[in-house]
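Q: Take a look and give me a structure for this.
(chains A and B)
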2 protein chains.
Amino acid sequence: MSTSSSSIAKQVHAFGNTAATQPLQQLNINRRNPTPHDVEIEILFCGVCHSDLHTAKNEWHNTVYPCVPGHEIVGRIVTVGNHVKKFRVGDLAAVGCMVDSCRECDYCKEGLEQYCEPGMTGTYNAPDKHLNTHTFGGYSESIVVDESFVLRVPENLDPAATAPLLCAGITTYSPLKHWNVGKGKKVGIVGIGGLGHMAVKLAKAMGAEVIVFTTSPSKFEDARRLGADDVVLSKDEKQMRRYARKLHFVLDAVSAQHDINAYLNLLRVDGSLALVGAPELPLPVAAFSLIPKRRSFAGSMIGGIAETQEMLDFCGRHNIVSDIELINIGQINEAYDRLLKGDVKYRFVIDMASIKK
Amino acid sequence: MSTSSSSIAKQVHAFGNTAATQPLQQLNINRRNPTPHDVEIEILFCGVCHSDLHTAKNEWHNTVYPCVPGHEIVGRIVTVGNHVKKFRVGDLAAVGCMVDSCRECDYCKEGLEQYCEPGMTGTYNAPDKHLNTHTFGGYSESIVVDESFVLRVPENLDPAATAPLLCAGITTYSPLKHWNVGKGKKVGIVGIGGLGHMAVKLAKAMGAEVIVFTTSPSKFEDARRLGADDVVLSKDEKQMRRYARKLHFVLDAVSAQHDINAYLNLLRVDGSLALVGAPELPLPVAAFSLIPKRRSFAGSMIGGIAETQEMLDFCGRHNIVSDIELINIGQINEAYDRLLKGDVKYRFVIDMASIKK
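A: Residues are numbered from 1 along each chain as shown, chains lettered A, B, ... in the order given. Have a look, this model is predicted:
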């Protein structure tokens, strides 16, 4: 990939930190000048994902500083390269968790860029192929991305509430589709947070019977409002038994340690449980949770670019967006504190106009 | 199901025990007179499965005594009921792990009798639907079984070495088929024992590239002889790395505790690992062993009746049988001791003529 034309860069405002222990604050970063296949996007909204916090605080031990998080980006196209075909200046556009991949391995060719063999290029904290640095995310004024990794946004959706679809939306949509969730299927959603609340809306729109499992009675009413057909208090063994061996699929969006066998035992023969939350410690799995019903315990990570577009179009048709709380960029550190307490319904989204003030 | 005609029973010799701490010895059991849909089989050979030992010693805490194990049965039909269609007197026939199921649930209707919702009737240690007792297995002179649960045996195979196909064979054949093992697929087999050695032969005959993983260098030569394309010493991280992210499927036949993540990490995107051995304690699974490659950790249990017949026919066509050591019934307690030490290549089979002496 040529780097010559993009070695000229422009400085833009961003929000990030320079060490794990530092709060996020305003700083300047470089964005490359658009190459012929690039679009430049003025960022309007950026969702706040728990991965942003993990990375800023170096909790995955791989953060390169300065760190500018943000991979739920919705904005307006302000520049298009000469060879850009999908977009025009003025279009609403979105960027998710990836800004590039090798484009040559079997997975990239199959549209599974998220599983790219040499590794996808993350929207932040990944080696930048153009500038001699690492990638910076959506907590910034603008971003320059190859159009192949830029999505179209349905015009009928609220752009602020659309931003979380780029990570929380596709992370739940992709496994629901992969494991054939739809009419006639009973689906369990474990954990109602940023991911789980999207999973409920999406699974319901796909036609499935949706059962929410939560540790907190306070979420019962909200689960119903989001579309759940039934809600189960997961600490109550008697309630859990109601769905023993009854579910075709379970999407588990819990990042805290929890007993995975309790959920595996809800699955019918050939049922699958897909983990999208990532608990820190290994989860003990009993052989007899799997063997006597040919069950599968699986994982899933975001989705490919074509599938992300499919998800956005699906959300456009079904009028699905995230439940959000809009904040200014200056509130980001406070938002992180509240995120740690689970105090958000269900996604913070930054109004990026606030970075210019 | 009518029990009237079968309340008349005949006494036959068997080998079993009357308490967990007792060795197996000769005893008498009742077999029902054949109903119109039953066949009576004179047992010629019975394989010795590790489940036999678990049950005799009540290691799964559900054994009813007296206990007569044995579910790898090959014999000769000596009586057929009036309505029997598949068999004639004199036919070679086989019985595996099940002698009945509800025949009405969704799974039974799909040919997945092993996953029968109310539960299949095990060949031993299950409630007997005909006599007021529990079922007795193949360590006996004869057995009476509904023809629907009796298999035809290819005449070209050695009947003694065919017996282990009824459990070890189908337990490995079914997951290999379910997860589409065949030409162009790289398949790992973990553990070379009764199950694993069958898996190598079957996967190879299906056209896959077969890699054996073993903790014991002494099994390298044998793994090659059985058909492995490559053998990896699983304790050697460098050797393990050779197959990192390379395998489409892994069949794990190890019953001892082991690090499942080491094997999950051998899988490609969308790869599955199926457990057929059942370690006693839960296996810790790291979220990151599954999520970044959409891998599945699954289990599988024997196979349905139609699939068991398919497996026997496949073995007939490919001339596949088990590697066995033939013993007399009087050697069964010694065989159990050797089984515990893994001292068998690779399955004990009892010559049941010895029970008449």
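Q: Quick one: name the residues of the stretch 151-300 of chain A near chain B.
A: A:178, A:245, A:260-261, A:269, A:272, A:275-279, A:281-300 (C-beta under 8 Å from any C-beta of the partner chain). The C-beta positions use only the backbone N, C-alpha and C, and glycine is treated the same way.
Q: how close does A:Met301 get to A:His178?
A: Counting by C-beta to C-beta, to the nearest Å, the gap from A:Met301 to A:His178 is 11 Å.
Q: Comparing those two, which residue is more hemmed in?
A: Per other C-beta atoms under 10 Å in any protein chain shown, whichever of A:Met301 and A:His178 has more neighbours is A:Met301, with 23 against 17.
Q: wait, doesn't the more buried one sit right on A:Cys116?
A: No: the criterion here is C-beta atoms under 8 Å, and A:Met301 misses it with A:Cys116 at 11.1 Å.
Q: does A:Val64 belong to a helix or a strand, and which?
A: Under the criterion of DSSP states H and E, A:Val64 resides outside all helices and strands.
Q: If we ignore the residues flanking it in sequence, what's nearest it?
A: Once flanking residues are discounted, A:Val64 sits nearest to A:His134: 4.8 Å by C-beta to C-beta, 6 or more residues apart in numbering or on different chains.
Q: and the one you found, what are its bridge partners?
A: Taking DSSP bridges as the rule, A:His134 bridges to A:Pro127.
Q: since we're on it, how many residues are nearby?
A: For A:His134, the count of nearby residues is 18 (other C-beta under 10 Å).
Q: The biggest helix by length in chain A near chain B anywhere?
A: In chain A, taking DSSP state H as the definition, the longest helix is helix A:305-318. No: judged by C-beta under 8 Å from any C-beta, helix A:305-318 stays clear of chain B, getting no closer than 12.1 Å.
Q: In that helix, which residues are buried?
A: For helix A:305-318, a neighbour-count test (16 or more other C-beta atoms under 10 Å in any protein chain shown) marks A:305, A:307-312, A:314-316 as buried.
Q: For the stretch 51-200 of chain A, which segments are assigned as helices?
A: Applying DSSP state H, counting those that start in this stretch to the stretch 51-200 of chain A gives helices spanning A:106-109, A:159-162, A:168-178, A:194-205.
Q: Adding mean pLDDT, write these out as JSON lines.
A: Putting the helices of the stretch 51-200 of chain A into JSON lines (pLDDT from 0 to 100) gives the following:
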{"stretch": "helix A:106-109", "mean pLDDT": "97"}
{"stretch": "helix A:159-162", "mean pLDDT": "98"}
{"stretch": "helix A:168-178", "mean pLDDT": "98"}
{"stretch": "helix A:194-205", "mean pLDDT": "98"}
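Q: Turn these into TSV, including distance to B:Cys108.
A: Shown next, in TSV, are those (distance: least, C-beta to C-beta, whole Å):
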stretch	distance to B:Cys108
helix A:106-109	39
helix A:159-162	47
helix A:168-178	28
helix A:194-205	29
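Q: Please name whichever of those is nearest to B:Ala203.
A: Closest of the helices of the stretch 51-200 of chain A to B:Ala203 is helix A:106-109, at 22.0 Å (criterion: C-beta to C-beta).
Q: roughly how far out does that closest one sit from the chain middle?
A: 21 Å (C-alpha atoms, centre = their mean, to the nearest Å).
Q: Could you measure from the closest residue to A:Leu339 other than its chain neighbours over to A:Asn17?
A: Among residues not flanking A:Leu339 along the chain, A:Leu53 sits closest, at 5.9 Å (C-beta to C-beta, 6+ apart). A:Leu53 sits at a distance of 11 Å from A:Asn17 (criterion: C-beta to C-beta).
Q: The two - which one has more neighbours?
A: Counted by other C-beta under 10 Å, A:Leu53 and A:Asn17 do not tie: A:Asn17 has more neighbours, with 23 against 18.
Q: List the beta-bridge partners for that one.
A: A:Cys67.
Q: Contacts only, for it.
A: For A:Asn17, the contacting residues are A:23-25, A:56, A:65-67, by C-beta atoms under 8 Å, 6 or more residues apart in numbering or on different chains.
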